[in-house]
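model this:
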Amino acid sequence: MMRKYLVKRSQVEMTQLVLPNDTNQLGNLLGGRLMEWMDIAAAISAQRHCNRVCVTAAADDLVFHQPIRLGEVVTLRASVNRAFGTSMEVGVHVVAENQLTGERKTANTAYLTFVAVDEHGMPVGIPPVIPQTPDEKRRYHEALTRRNLRLKRRKTVKK
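Here you go, the predicted model:
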């Protein structure tokens, strides 16, 4: 019988300082750099959940709410929202902080889908997630809706 795991088992918090090499000509964090950081945080979360190598299958609803400026500290929080057999949805929430003023702002959010794989790169089963808090339960239920939309879009694209 497959064990079930609490959402908190998969929680990841990662912090980055935005340096000049991370920015564009306007002094804002490059979108691609942030996407890389989000993918890393989400991958760690997915792997922490199932103790398997996990590969990125999709990124959805990646929203750039606010620009992140040179010198700001970026905190990425990721956790598994729901598991679906061999795949799982990981939510990532990004907060930017100006350490000189103390101002914090939600800068980005996204949902990434990961697939757990074996040593041959083949998908393998993963344990279900047990949401406990009202927020975890909300994200758990919303994850199924997003998954159904992803699968519907995928069918449309294949046609």
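
List the buried residues in the helix ranked longest in the chain.
Using DSSP state H to define each element, the chain has its longest helix at helix 134-158. By neighbour count with 16 or more other C-beta atoms under 10 Å, helix 134-158 contains the buried residues 136, 139, 140, 143, 146, 147, 150. Placement of C-beta: from N, CA and C, glycine included.

Could you check how far the fifth one is from residue 74?
For residue 146, the distance to residue 74 (C-beta to C-beta, to the nearest Å) stands at 24 Å.

Show the contacting residues for residue 156.
Not one residue lies near residue 156 by C-beta atoms under 8 Å, 6 or more residues apart in numbering.

any idea of the pLDDT on it?
Residue 156 is assigned a predicted lDDT (pLDDT) of 82.

Could you do residue 1 as well?
The model's pLDDT for residue 1 equals 47.

what's the helix or strand for residue 88?
Assessed by DSSP states H and E, residue 88 sits inside strand 87-97.

What average pLDDT does that strand get?
Average pLDDT, strand 87-97: 98.

for stretch 40-58, same thing?
Averaged across stretch 40-58, the pLDDT comes to 97.

Residue 105: which of the buried residues of helix 134-158 is nearest?
Residue 105 has its nearest neighbour among the buried residues of helix 134-158 in residue 139, at 21.0 Å by C-beta to C-beta.

Can you tell me the element the closest residue to that closest one other than its chain neighbours falls in?
Excluding its sequence neighbours, the residue lying closest to residue 139 (C-beta to C-beta, 6 or more residues apart in numbering) is residue 81, at 4.4 Å. Using DSSP H and E, residue 81 sits in strand 73-84.

Low-confidence stretches in the protein?
For the chain, residues meeting the criterion pLDDT under 70 lie at 1-3.

switch to 80 and redo it
Scanning the chain for pLDDT under 80 picks out 1-4, 157-159.

need the longest strand for it.
strand 104-117 (DSSP state E).

could you give the angle of that strand to strand 73-84?
40 degrees (axes from the mean of the first three to the mean of the last three C-alpha atoms, to 10 degrees).

what comes up buried for strand 104-117?
For strand 104-117, by 16+ other C-beta under 10 Å, it's 107, 108, 110, 111, 112, 113, 114, 115, 116.

which residue sits closest to the last one, ignoring its sequence neighbours?
Ranked by C-beta to C-beta, 6+ apart and with sequence neighbours excluded, the top spatial neighbour of residue 116 is residue 52, at 4.0 Å.
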